[in-house]
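In: here is a sequence with its predicted model. Questions after.
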Amino acid sequence: MGNEIKIITIDGPASSGKTTIAKLLAQKLGFLFLESGSLYRMATYLLLQNFKDIKEILKDEEKLKNFLEKNLRDVKIEFSQDGTKIKWKGKVLKDELRSKEVDENVSIVAEKKTVREILTKFMRELAKGKQIIAEGRDMGSVVFPYADLKVFLTANEEIRAKRRYKEIALKEKRTLEEILENIKLRDKIDSKRKVAPLKIPEGAIIIDTSFLTPEEVLNKILEHIRKDV
């Protein structure tokens, strides 16, 4: 199954189920799993580690470009069906990418044209010659508009907040209300940004995951794949 398909994109807002579904689909089809969000979180993390006020460097496009291009040379990506492992200067970045500080800054970093152009080029190079499931917010609309299958997941704001709360409740002292507000803010920023806004890609399958199990969402996507191959 899926031998004639090279790239499948899964887009949608925060906590709509993209990562879970992309992972299940990659395991089912034997594809590699590209988490674009992790790359934007990586860029945010690197900026936070190197600058006291990242808003200042985000205003300086040339400095920002040079910084990212230089640091990306020290980044190694390891693909699997379980996700995208990121190593920077030999260090695996995992929990660092899900910190409160990264959460609160990733949208303002991701809305910068320079950041998106550099990471879009980076992801296209990573995908060359591979069968991948790419998940994010503009995978089907900007990064891989030529994808063989495009999926857009959506879900109720409150349900998405509860999902995120379950993910981080044991690691961070954040209330459900704080997480809901953060999700609303990220939705607003991601949807209204001038460069690569969050939107439904042309020709995408739209699935509301609010009241569906991951297995039910997976089966809906597999049904479309069976029809197309």
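Out: Structure received.
In: now stretch 54-71, how far from the centre of its chain.
Out: With C-alpha atoms, centre = their mean, to the nearest Å as the basis, stretch 54-71 stands 21 Å off its chain's centre.
In: touching whichever strand or helix holds residue 49 from outside, list them.
Out: Element membership of residue 49 [criterion: DSSP states H and E] is helix 36-50. For helix 36-50, the surrounding residues in contact (C-beta atoms under 8 Å, 6 or more residues apart in numbering) are 18-19, 54, 57-58, 67-68, 71, 75, 83-84, 86, 88, 93, 96-99, 101-102, 105-106, 109-110, 115, 119, 122-123, 134-137, 139, 143. Every residue, glycine included, has its C-beta placed from N, CA and C.
In: are any of these buried, and which?
Out: 18-19, 54, 57-58, 67-68, 71, 75, 83-84, 86, 88, 93, 96-99, 102, 105-106, 109-110, 115, 119, 122-123, 134-137, 139, 143 (16 or more other C-beta atoms under 10 Å).
In: in strands, which of the residues you listed fall?
Out: Using DSSP state E, the subset of the buried ones among the contacts of helix 36-50 located in strands is 75, 84, 86, 88, 93, 134-136.
In: what is the lengthiest helix in the chain packed up against?
Out: When the chain is parsed with DSSP state H, its longest helix is helix 176-192. When contacts are defined as 3 or more C-beta pairs under 8 Å, 6 or more residues apart in numbering; DSSP states H and E, helix 176-192 packs onto helix 100-110, helix 157-168.
In: out of those helices, the one nearest residue 194 is which?
Out: For residue 194, the closest of those is helix 100-110, at 12.1 Å, according to C-beta to C-beta.
In: and the average pLDDT for the closest one is what?
Out: Helix 100-110 carries an average pLDDT of 90.
In: contacting residues around it?
Out: Residues contacting helix 100-110 (C-beta under 8 Å, 6+ apart): 37, 40-41, 43-45, 47-48, 54-55, 58, 96, 115-116, 137, 172, 174, 182, 185-186, 189-190, 193.
In: can you tell me the centre-most residue of the protein?
Out: residue 37 (2.7 Å; C-alpha atoms, centre = their mean).
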